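**Q** please find the sequence and the predicted model below.
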Amino acid sequence: MTKVATGVRPRVLVRGAGVAGLTSAVTLAERGADVVLLEVGTREGAGASWMAGGMLAPWCEAESAPPEVTRDSIESVDWWAAHVPDVARNGTLVLAPPRDVADITRFSRRTSHFDLVDGDRIAELEPDLAGRFDKGLFFPEEGHLDPRKALAALRERLIALGGTVQLNAPADRMAGDPWHGARPDWVVDCTGIAAEKRLTGLRGVRGEMVLLRCHEVTLHRPVRMLHPRIPVYIVPRADHLFMVGATMVESESFASMTLRSMVELLTAAYVLHPAFGEAEIVETGVGVRPAYPDNVPAVTVEGRTVYVNGMYRHGFLLSPSRARRVGDIVFGASAA
């Protein structure tokens, strides 16, 4: 493929309609590219993105992630709020069961941009948790969204910008001829764990989630429950739904959730509030997220193919910054 002449819209084929693919496709289309997005699944987000929590928490992630993750994700809440509806900016609440309250101090030593809150302040933030916790951390600058609604909104945004979305697309080619015999100037590969054989060092990290419906509890923001083995988060969604998830299981298995995992997730919800004991289990799910050895998403270039991969647990948090980098590569080269 040859470089595109100055002033000519670059033709870009994006593979994969997860969060990395959709943010890249929309960013490219906004900058003037002619974009075709291919997805082998029957809907957008057919892979790990469908199981995500949707937390936009750059300061909380500093607890276990390198500084680059926070640095590159500070503006992610603003990006999402400008592109999809219903982005909540209510912050994040970090709590721990009484026996693990020392973990609050440990978490605080590794993070910043939080308020140390007592029981009264916790009750102000989340009235339904009044009297249940005496100490916590509140990160007021963070936000969250519903990943499934956000992905659908990005797809509609791409179409409105003149892009093309092909679902159920063949893995190795396009259906039809969108460029009338011309080849794409660039291919942006955002196929996640499916690219494992093409990208050195890529591995799968299993994530598990339970979707609950509980009419007796109201939360206004994600709550992270600190746990000695795995972090568990409870994220509120519309219609009394709560996503309960854990994100760091070193496994590439797509097998159904184990009993142990189910018990840990449900126990965390019950410890947060006993009313979850009567919650309806609406859905359980397992996804395998791609990750590099340093657990930092990367943008790499091989010829005229740009790979956006290794999103790990930072897909929604870091995809805007990685998409911006893709745009710089495509338009920097096409303008040369």
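**A** Received it, and whenever you're ready, just let me know what you need.

**Q** residues contacting S261?
**A** Under the criterion of CB atoms under 8 Å, 6 or more residues apart in numbering, the contact list for S261 reads 208, 246, 249. (C-beta placed from N, C-alpha, C; glycine too.)

**Q** my error: substitute M55 in the last question.
**A** Contacts of M55 were listed using CB under 8 Å, 6+ apart, and they are 92, 142, 144, 222, 233, 235, 316-317.

**Q** switch the cut-off to 10 Å
**A** Under the criterion of CB atoms under 10 Å, 6 or more residues apart in numbering, the contact list for M55 reads 61, 92, 142-145, 147, 221-222, 224, 233, 235, 243, 245, 247, 313, 316-317.

**Q** show me which of the contacts of S261 is closest to L161.
**A** L161 lies nearest to E208 out of those, by CB to CB, at 34.9 Å.

**Q** ok, how many other residues are close to that closest one?
**A** Neighbour count for E208, taken as other CB atoms under 10 Å: 23.

**Q** that one should be in a strand, yeah?
**A** Yes: assigned with DSSP: H, G, I helix; E, B strand; the rest coil, E208 falls within a strand.

**Q** per-residue pLDDT, it?
**A** On pLDDT, E208 comes in at 92.

**Q** look up how far R31 lies from it.
**A** Here the criterion is CB to CB, to the nearest Å. By it, E208 lies 37 Å from R31.

**Q** ok, L145 next?
**A** If you measure L145 against R31 using CB to CB, the figure is 23 Å.

**Q** what about these two, which has more around it?
**A** Taking L145 and R31 together and counting by other CB under 10 Å, L145 has the greater number of neighbours (25 against 17).

**Q** for the more buried one, give me its contacts.
**A** Under the criterion of CB under 10 Å, 6+ apart, the contact list for L145 reads 52-56, 77, 80-81, 84-88, 151, 153, 235, 237, 316.

**Q** just the buried ones from those residues?
**A** 52-56, 77, 80-81, 84, 87-88, 151, 153, 235, 237, 316 (16 or more other CB atoms under 10 Å).

**Q** so which bits of whichever strand or helix holds V35 are buried?
**A** With elements delineated by DSSP states H and E, V35 resides in strand 34-38, which encompasses its position. Under the neighbour-count criterion of 16+ other CB under 10 Å, strand 34-38 has 34-38 buried.
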